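1. Next come a sequence and a model predicted from it.
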Amino acid sequence: AMVLVRDVHLARLRGGRRPRGRALEGVRVYASDQTHFSIGRALDELGFPPDTLVVVAADYDFRLRGAAVAEAVAADRAAGLTPIAIAAVAGSTNTGSVDAIGELADVAARENLWLHIDAAYGGAARLSRRDAGRVADLERADSITIDPHKWFFQAYDIGGLLVRDGRALAAVFGRSPEYYRGGEPEPGLAGGSEDPPGHDGGDRDAGPLNFYKLGFEGTRRWRALKLWMTWKHLGTTGFGRLIEMNDDLASYLARRCTASDDFEALPAVPDLSVVCFRHLPPGLEGAALDAHQDRLQEALEASGEGWLTTTRLRGATWLRAGILNYLATEDDIDDLLDLLRR
């Protein structure tokens, strides 16, 4: 996605030439403090200077809001910088939080910014009629990351990138080496090409899609088969029901923590199926309480009876439960809390 930001959107802003070297200086990409580290790493790998990524503080519920980004954009424009993109999250790794996508889309439209949404985990919620609204406005993005090996319940690895204009992929990644039949230039984004996304470039034997022209990989394995088979078996409705079950279990865990004297959850109402919580035994505070969470996580993992991770939120250590197992039940949640109390 960040390649498209550079070679499609920034290229337009720079007059059509693909920017490299010093042409990458003075640009800004906006993301929250809950954004996945891969955004910053991608910018580094693509040659952007270290100050390209502007980290905007999320709100109390760990969501990036439009007003905060708009303020940062205005300040950067006043300083003579060039804002180019917003990297939003629909289902953060840390808390499962969903940014205010509609607000961010408004800012992107008003300021001529590329809107990328990391929906690698949370995008699957759109398969649920009941819970699709939890990740509303994804259709307003220029690009969306989706990882079916997360909430589509697929074995690792399978990931994808959805783009508003499929020609962008061929324009950026397309190559026509002489040892592949069909050596015509790739369809571009200018000049009136009507070629559909994945146009075969004249290679009659290649089929309707030449995936080597749409991304980094040349040779690739058939990742899509397992997802296709699962979708044929479950259907969209079946996927949606499994996702709703996970969301319900996350809400159940958060409610159990809120109703208990010795647990607390943050936030108290999860956006999706990730819950951050901690055990509060009497007499422990500060660093001692943080160390207690670490000990619980390590002991639980060693026991083989459950698995949690830890994270840092608001200066404290929290246990983190990502509920993505379609076989999980409320009894499993009850057993988990009982184990942590021992």
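-> Right, received. Where do you want to start?
2. Could you report the separation of residue 105 from residue 256?
-> 35 Å (C-beta to C-beta, to the nearest Å). All C-beta atoms are positioned from the backbone trio N, CA, C, and that covers glycine.
3. meant to ask about residue 223, not that
-> For residue 223 relative to residue 256 (C-beta to C-beta), the value is 37 Å.
4. just residue 179 next, same as before
-> For residue 179 relative to residue 256 (C-beta to C-beta), the value is 61 Å.
5. Could you find the closest non-adjacent residue to residue 219?
-> With C-beta to C-beta, 6 or more residues apart in numbering as the criterion, residue 219 has its nearest non-adjacent residue at 7.6 Å, and that residue is residue 212.
6. wait, what's in contact with the one you found?
-> Contacts for residue 212 (C-beta atoms under 8 Å, 6 or more residues apart in numbering) come out as 175, 180, 218-220.
7. got the phi/psi numbers for it?
-> Here the main-chain torsion angles of residue 212 (degrees, to the nearest 10) amount to phi -70, psi -20.
8. That one and residue 175, how far apart?
-> 8 Å.
9. Assign a three-state SS to the residue of the chain most remote from its centre, would you?
-> Outermost residue of the chain with respect to the C-alpha centroid, by C-alpha atoms, centre = their mean, is residue 283; its distance is 38.5 Å. With DSSP: H, G, I helix; E, B strand; the rest coil as the basis, residue 283 sits in coil.
10. hang on, the earlier thing: which one of the contacts of residue 212 sits in the busiest neighbourhood?
-> Using other C-beta atoms under 10 Å as the neighbour criterion, residue 180 leads the contacts of residue 212 with 15 neighbours.
11. Which parts of the stretch 1-150 of the chain are helices?
-> Using DSSP state H, counting those that start in this stretch, the helices of the stretch 1-150 of the chain run over 2-4, 11-13, 37-45, 66-78, 101-111, 148-151.
12. Please dump those into JSON lines; it should also carry mean pLDDT, distance to residue 234 and mean neighbour count for every row.
-> Converted to JSON lines, the helices of the stretch 1-150 of the chain look like this (pLDDT from 0 to 100; distance: least, C-beta to C-beta, whole Å; neighbours: other C-beta atoms under 10 Å):
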{"stretch": "helix 2-4", "mean pLDDT": "94", "distance to residue 234": "31", "mean neighbour count": "22"}
{"stretch": "helix 11-13", "mean pLDDT": "92", "distance to residue 234": "41", "mean neighbour count": "16"}
{"stretch": "helix 37-45", "mean pLDDT": "95", "distance to residue 234": "29", "mean neighbour count": "16"}
{"stretch": "helix 66-78", "mean pLDDT": "98", "distance to residue 234": "35", "mean neighbour count": "16"}
{"stretch": "helix 101-111", "mean pLDDT": "98", "distance to residue 234": "26", "mean neighbour count": "19"}
{"stretch": "helix 148-151", "mean pLDDT": "96", "distance to residue 234": "12", "mean neighbour count": "22"}
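13. May I see these arranged in a markdown table, with distance to residue 303 as well?
-> Below are the helices of the stretch 1-150 of the chain laid out as a markdown table (distance: least, C-beta to C-beta, whole Å):
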| stretch | distance to residue 303 |
| --- | --- |
| helix 2-4 | 41 |
| helix 11-13 | 54 |
| helix 37-45 | 30 |
| helix 66-78 | 42 |
| helix 101-111 | 39 |
| helix 148-151 | 25 |
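14. Out of these, which gets nearest to residue 167?
-> Distance to residue 167, taken as C-beta to C-beta, is lowest for helix 2-4 among those, at 11.0 Å.
15. residues in contact with the closest one?
-> For helix 2-4, the external contacting residues (C-beta under 8 Å, 6+ apart) are 29, 39, 42-43, 46, 85, 114, 116, 142-143, 163, 168-169, 172-173.
16. Mind giving me the PyMOL select for the residues you listed, buried ones only?
-> Filtering those down to the buried ones (16 or more other C-beta atoms under 10 Å) takes a single PyMOL command:
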select buried, resi 29+39+42+43+46+85+114+116+142+143+163+168+169+172+173
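17. So for residue 337, which of the helices of the stretch 1-150 of the chain sits nearest?
-> Closest approach to residue 337 among the helices of the stretch 1-150 of the chain (C-beta to C-beta): helix 148-151, 23.5 Å.
18. follow-up on the earlier one: please report the distance of the residue nearest to residue 219 from residue 174.
-> Taken as C-beta to C-beta, the span from residue 212 to residue 174 is 9 Å.
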